[in-house]
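[1] When you get a sec, could you give me coordinates for this:
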Amino acid sequence: MLKNTHTRASTETNKDVFKLNAPLFQVRFIHLPEDNVDQNLIERSFQRYDSLDRKVLDSLSFQYSHYILNDSLWLTRNDLFSQVQFLTNENLDQYLKKLQFFKEKDAMGVYLFRLNDYLKKGDIPPNEVVFPTIKNVILNQRRVEFTKNFEYELLQDAIKSKTYEIY
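    This next block holds a predicted model:
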């Protein structure tokens, strides 16, 4: 079992290794039809986003064409573009304003968008992003160490019992 202290120590000692190769984004997003009857309620709840509003938005989610309400998830640029249809490489910079609400309309419907946080290329990612990688590295190191120790013990047993032969 790995503890957070192991992963934090690994992150602190190897900060340069874990720098981001690409930006990451935390967003909240709803795409709904333009003729939605609850549009004002959804927009108000989306902007406030307290615990009651979360329940309201979740209960109305069947009305959305697409949505991301879990704004603690980190998305890559490609994931962001595939999830949030109105964003493109050309217009992304105008939406990179933290904690600002955006409402866009087009022929496909209404988009409600908010960027909670983003990390640039070269930034150090938060622990929840690097934890799976660190966990795999540490577990792999332990597996290799266990295998070496096991082979050494087998060799020592064979030498002691005189069943070890060199060909």
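[2] Please count neighbours and contacts with C-alpha atoms only from this point.
    OK.
[3] what's the spacing between Phe29 and Tyr118?
    15 Å (C-alpha to C-alpha, to the nearest Å).
[4] what about those two, which has more around it?
    Neighbours per residue (other C-alpha atoms under 10 Å) separate Phe29 from Tyr118, with Phe29 holding more: 22 against 19.
[5] residue nearest the centroid of this structure?
    Central residue of the chain (C-alpha atoms, centre = their mean): Trp74, 3.2 Å from the mean position.
[6] list the contacts for that residue?
    Counting by C-alpha atoms under 8 Å, 6 or more residues apart in numbering, Trp74 touches Leu24, Phe25, Gln26, Val129.
[7] so what does the longest strand seen in the chain touch, helix or strand wise?
    Looking across the chain with DSSP state E, the single longest strand is strand 109-119. When contacts are defined as 3 or more C-alpha pairs under 8 Å, 6 or more residues apart in numbering; DSSP states H and E, strand 109-119 packs onto strand 24-32, strand 101-106.
[8] buried sites along it?
    Val110, Tyr111, Leu112, Phe113, Arg114, Leu115, Asn116, Asp117, Tyr118, Leu119 (16 or more other C-alpha atoms under 10 Å).
[9] Likewise for stretch 89-106?
    Phe101.
[10] Tell me how many other residues surround Ile159.
    Ile159 has 12 neighbours, counted by other C-alpha under 10 Å.
[11] And it, how far from Glu165?
    Distance, Ile159 to Glu165, using C-alpha to C-alpha: 9 Å.
[12] next one: Ile134
    Ile134 is 41 Å from Glu165, by C-alpha to C-alpha.
[13] If you count surrounding residues, which of these two has more?
    Ile134 (19 against 7).
[14] Just the mean pLDDT for the helix or strand that contains the more buried one, thanks.
    For Ile134, the element it lies in under DSSP states H and E is helix 127-160. Across helix 127-160, pLDDT averages out at 86.
[15] could you give the angle of that helix to strand 24-32?
    130 degrees (axes from the mean of the first three to the mean of the last three C-alpha atoms, to 10 degrees).
[16] Now do helix 127-160: which elements does it pack against?
    With contacts defined as 3+ C-alpha pairs under 8 Å, 6+ apart, helix 127-160 has these neighbours: helix 4-13.
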